[in-house]
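Enquirer: okay, sequence plus prediction incoming.
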Amino acid sequence: MTKTFLSAALAASIAAGFVAAWAPPLRATIQDEKTAVGERKGSLKSIDQTKLVLVPDDNKKVEVTLDLGPDTRRSGTLTPGSPVVVRYYFQHGQRVVTEVVGKK
């Protein structure tokens, strides 16, 4: 029984390490089991009333699309190509922006 428990514990720790190694870089804190908040820095590709497209500083080969809501706070220069910091949370599998801060 002890041998089975140790094998299961070893398998779980290996799996957790594998998942952590392949997870995208994201500074996030868990508020509860379904919601995480995070922050990304990058260049603004486009922005309108409902969506924002970001080219992250840590991976220039991808574009990240985030949803904007009526309560999203916007400040600074928000033109294509400008550097921005985006703060967001996850809701139903989508990144929902709480604040977009451009260079002042």
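Expert: All right, it came through fine. Since this is a predicted model, take the numbers as computed values, not measurements.
Enquirer: so Asp71 touches Val97, yeah?
Expert: No. Shown here, Asp71 and Val97 do not form a contact pair, counting by C-beta atoms under 8 Å, at 9.5 Å. Every C-beta, even on glycine, is put in place using the N, C-alpha and C of the backbone.
Enquirer: more neighbours, the two?
Expert: Higher neighbour count among Asp71 and Val97: Val97, with 22 against 9, using other C-beta atoms under 10 Å.
Enquirer: beta partners of the more buried one?
Expert: Using DSSP bridges, the bridge partners assigned to Val97 are Leu68, Tyr88.
Enquirer: pretty sure it contacts Arg87?
Expert: Yes. The pair Val97 / Arg87 is scored as a contact, 7.1 Å apart, by C-beta under 8 Å.
Enquirer: hmm, who's touching stretch 65-81?
Expert: 43-54, 82, 84, 86, 88, 94-104 (C-beta atoms under 8 Å, 6 or more residues apart in numbering).
Enquirer: likewise stretch 43-61?
Expert: 25, 40-42, 62-68, 78-84, 86, 97, 100, 102.
Enquirer: now the buried members of these.
Expert: Neighbour counting over those (16 or more other C-beta atoms under 10 Å) leaves Arg40, Gly42, Val64, Leu66, Leu68, Val84, Val86, Val97, Val100, Gly102 as the buried ones.
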